[in-house]
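A.B. asks: I would like to see how this sequence folds:
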Amino acid sequence: MKQHILLLSLFVLFWSTSGNAITITNKLATGSDTNSATYTTASVAFSNNKLYLLAVGGRLTGVPASPTISGGGITWVEINTSTFDTIASPDRRVTVYRGYVRSGAISEALTITWASSMSSCEWVLDELEGVDISGTNGSGAIAQSAVNSANSGATSITATLGSFGDSQSLTWAAFGLSTQGASGIMTAGSGFTLGGAYQSSGEAHSISSEYRLTNGGDTTVDGTFSSAAVGVVAIEVRAWGTAPEASPITISNKLAVADNTNGQVYTTASVAFSNNKLYLLAVSGRHTGGIPAAPTVSGGGITWTTVNDVAYGTNASPQRRVVVYRGLVTSGASTGTLTISWAGGSNLSSCDWVLDEFDGINLTGTNGSGAVIQSATNYVDSNTTVTATLSAFESSTTGEHGPLSVKASKAPLSLPVAALQLVVAPRVRQKLTL
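C.D. replies: Below is the predicted model of the structure:
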């Protein structure tokens, strides 16, 4: 007796919405008084799954454009910038960048490249852990920013942010000072801690960062100093698990069918598809003439995109393949059947499918691309267990959910088994492993 089983197993753990503490470590605080358009920092051991905030200050006769940053295996994205000391030449700018990668971080110096030769450049780099890791290049961690400046003789400055989404957010700021010969290291504002700080020995300027780990909703970011022109960039950094819209991912199975009919085209039962929900469809097929090519899937008003697939049962005929597809639309979802069309010009002897619906996932990208972070496959042709191993997760608190296709001649004999695993990103912070 032959058996064809498409099994979907589920185990889910959710982040608490009460938030996790952010930790912060200063990595660089220095600069150069050499005239140049390019400056190179000391080497930094960058890490995956950590947010980096880099503040860069520069001095030029005429307001300098923000520089570009490269290095560390990270894409550096400008958050905001403040120009100051503009009542006379030289003029100054302080710019803040964010950087984050899930994989590929390396130990390397950063290269700061200005459009013109500068008379000086200074920089501060802070590393943050426990932040929101959604989005790209750290975009999910940056809730908002604000700037302010004073051009001469100021002894304090305040940048005011909008209302915070959560009291667990961290407040971080960078200050560039033109000190007119006075001591240039600022004093952190009330409730704030000084991060990195650098005072030029040859030029009357400095750069500093400050932060407040739990702001309690205070939207003002301030600092004091001796008489100076000053520019400040203030940022609200989201903690992991603290956004007001956070909600757990929910999963609902919509289809689970084994069809032993010979054919090339298979039609599922009708499904009421919804907008703004992720659909993951696992399809398994059996062919006696060799490994079947992956089928195409249509229906539901959704574009179905292959996530990954694996062939198995390859040590004898029949041979098999299991494929996982993703689908998501923000509008246009409809009620209807799915059509699974196998290629190759010959019939399959069977086709099985499982469809699950996810709510609360990341809606960025196209056709659900923002929700699926990574995938992995594995198979065995004669065994009772199989494991698919994913790359390192952003956090150790995850759940598991995976389609497992099994060919059984008679249970519980040794079986050819294929497994697919994926990581599904949440809309805000809850994370699910598929």
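A.B. asks: what's the neighbour count on the nearest residue to residue 72 once chain neighbours are set aside?
C.D. replies: Residue nearest to residue 72 in three dimensions, not counting chain neighbours: residue 46, with 4.0 Å by C-beta to C-beta, 6 or more residues apart in numbering. From N, CA and C alone the C-beta is placed, and that goes for glycine too. Applying other C-beta atoms under 10 Å, we find 23 other residues in the vicinity of residue 46.
A.B. asks: can I assume residue 46 is in contact with residue 74?
C.D. replies: Yes. The pair residue 46 / residue 74 is scored as a contact, 6.3 Å apart, by C-beta atoms under 8 Å.
A.B. asks: if you skip the residues just before and after it, what's nearest to residue 301?
C.D. replies: residue 334 (4.0 Å).
A.B. asks: Any figure for the gap between the one you found and residue 274?
C.D. replies: 10 Å (C-beta to C-beta, to the nearest Å).
A.B. asks: repeat for residue 46
C.D. replies: 40 Å.
A.B. asks: Could you do residue 350 as well?
C.D. replies: From residue 350 to residue 274 the distance is 30 Å (C-beta to C-beta).
A.B. asks: the more surrounded of these two?
C.D. replies: Using other C-beta under 10 Å as the criterion, residue 350 and residue 274 rank with residue 350 on top: 20 against 15.
A.B. asks: Kindly state the beta-bridge partners for the more buried one.
C.D. replies: Note on residue 350: beta-bridge partners residue 286, judged by DSSP bridges.
A.B. asks: Need the pLDDT of it.
C.D. replies: With respect to pLDDT, residue 350 scores 89.
A.B. asks: Residue 394 now?
C.D. replies: In this model, residue 394 carries a pLDDT of 52.
A.B. asks: doesn't residue 363 make contact with residue 370?
C.D. replies: Yes. Counting by C-beta under 8 Å, residue 363 is a contact partner of residue 370 at 6.4 Å.
A.B. asks: Which one of those two is surrounded by more residues?
C.D. replies: residue 370 (19 against 16).
A.B. asks: The more buried one should be in a helix, yeah?
C.D. replies: No. Using DSSP: H, G, I helix; E, B strand; the rest coil, the assignment for residue 370 is coil, not a helix.
A.B. asks: Give me the nearest residue to it, chain neighbours excluded.
C.D. replies: Closest to residue 370 by C-beta to C-beta, 6+ apart is residue 364, at 3.3 Å.
A.B. asks: which SSE is the one you found in?
C.D. replies: Per DSSP states H and E, residue 364 falls between elements, in no helix or strand.
A.B. asks: ok, back up a step: could you count how many residues lie near the residue nearest to residue 301?
C.D. replies: So residue 334, with other C-beta under 10 Å, has 14 neighbours.
A.B. asks: now swap in the one 4 residues further on and tell me
C.D. replies: Around residue 338 there are 26 other residues, counting by other C-beta under 10 Å.
A.B. asks: Double-check it against residue 301; I have them as touching.
C.D. replies: No. Taking contacts as C-beta under 8 Å, residue 338 lies outside contact range of residue 301: 11.0 Å.
A.B. asks: Next, the buried residues of the host helix or strand of residue 308.
C.D. replies: Here residue 308 sits within strand 305-312, counting by DSSP H and E. Across strand 305-312, burial judged by 16 or more other C-beta atoms under 10 Å covers 307, 308, 309, 310, 311, 312.
A.B. asks: for stretch 49-64, same thing?
C.D. replies: 49-60, 64.
A.B. asks: pLDDT (mean, whole number) over that stretch?
C.D. replies: If you average the pLDDT values across stretch 49-64, you get 91.
A.B. asks: Output the below-cut-off pLDDT ranges for the stretch 101-250 of the chain.
C.D. replies: 180-184, 203, 215-216, 241-248 (pLDDT under 70).
A.B. asks: okay, now the nearest residue to residue 100 once chain neighbours are set aside: neighbour count?
C.D. replies: Nearest residue to residue 100, sequence neighbours excluded (C-beta to C-beta, 6+ apart): residue 138, at 3.4 Å. When neighbours are counted by other C-beta under 10 Å, residue 138 registers 27.
A.B. asks: Let me know whether residue 138 touches residue 78 as I believe.
C.D. replies: No. Using C-beta under 8 Å, residue 138 is not in contact with residue 78, being 11.8 Å away.
A.B. asks: Same question for the residue lying closest to residue 309 once chain neighbours are set aside, what's its three-state structure.
C.D. replies: Counting by C-beta to C-beta, 6+ apart, residue 309 lies nearest to residue 323, which is 3.9 Å off, once chain neighbours are set aside. Classification of residue 323 by three-state DSSP places it in strand.
A.B. asks: what bridges to residue 323?
C.D. replies: residue 283, residue 309.
A.B. asks: Run through the stretch 301-434 of the chain and note the low-pLDDT ranges.
C.D. replies: 314-318, 345, 392-434.
A.B. asks: ok, residue 58 touching residue 117?
C.D. replies: No. Between residue 58 and residue 117 there is no contact under C-beta under 8 Å: 10.4 Å.
A.B. asks: Tell me which stretches of the stretch 201-350 of the chain form strands.
C.D. replies: 205-212, 220-237, 250-259, 265-267, 271-272, 278-287, 296-299, 302-303, 305-312, 319-327, 335-336, 339-341, 350-359 (DSSP state E, counting those that start in this stretch).
A.B. asks: Compute the distance from the centre of the first one to the centre of its chain.
C.D. replies: It refers to strand 205-212. Centroid separation for strand 205-212 versus its chain: 27 Å, with C-alpha atoms, centre = their mean, to the nearest Å.
A.B. asks: so it versus strand 220-237, what angle?
C.D. replies: Here strand 205-212 runs at an angle of 70 degrees relative to strand 220-237 (axes from the mean of the first three to the mean of the last three C-alpha atoms, to 10 degrees).
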